[in-house]
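Engineer: Everything below, folded, please.
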Amino acid sequence: MSLKIGIIGATGITGLELVNILQNHPSVSEITPFSFSSAGKSLNSLDERISQEINKCLSFEAINFSSFDCFSFAQKTEFQ
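Structural biologist: Below is the predicted model:
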């Protein structure tokens, strides 16, 4: 099985760690990072463990949910 995964909030600590883990998973064929504030940035510029083969971050508005097998939400949460 070959999975296409989208990660919303990929430029935060949790998102970067998730990309780092998934980029070497044998069942993952494609990782597409999404970010509210870092669209256009390369994840490799934020964390050198991330392969340069991973796409640059896309804006949240560009998401087409039907194009992916799985999504992960790694957005920060504000606690009060």
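Engineer: Only C-alpha atoms from now on, for both contacts and neighbour counts.
Structural biologist: Fine.
Engineer: Give me the phi and psi for the closest residue to residue 50 other than its chain neighbours.
Structural biologist: In space, residue 50 comes closest to residue 44 once its chain neighbours are excluded; the distance is 5.0 Å by CA to CA, 6 or more residues apart in numbering. Here is the backbone geometry of residue 44 (degrees, to the nearest 10): phi -60, psi -30.
Engineer: how far away is residue 44 from residue 2?
Structural biologist: Distance of residue 44 to residue 2, computed by CA to CA, to the nearest Å: 23 Å.
Engineer: quick one: the helices in this structure?
Structural biologist: 13-22 (DSSP state H).
Engineer: is it true that residue 3 touches residue 32?
Structural biologist: No - applying CA atoms under 8 Å as the test, residue 3 and residue 32 come out as separate, 11.2 Å apart.
Engineer: more neighbours, those two?
Structural biologist: When residue 3 and residue 32 are compared on other CA atoms under 10 Å, the one with more neighbours turns out to be residue 32, at 19 against 15.
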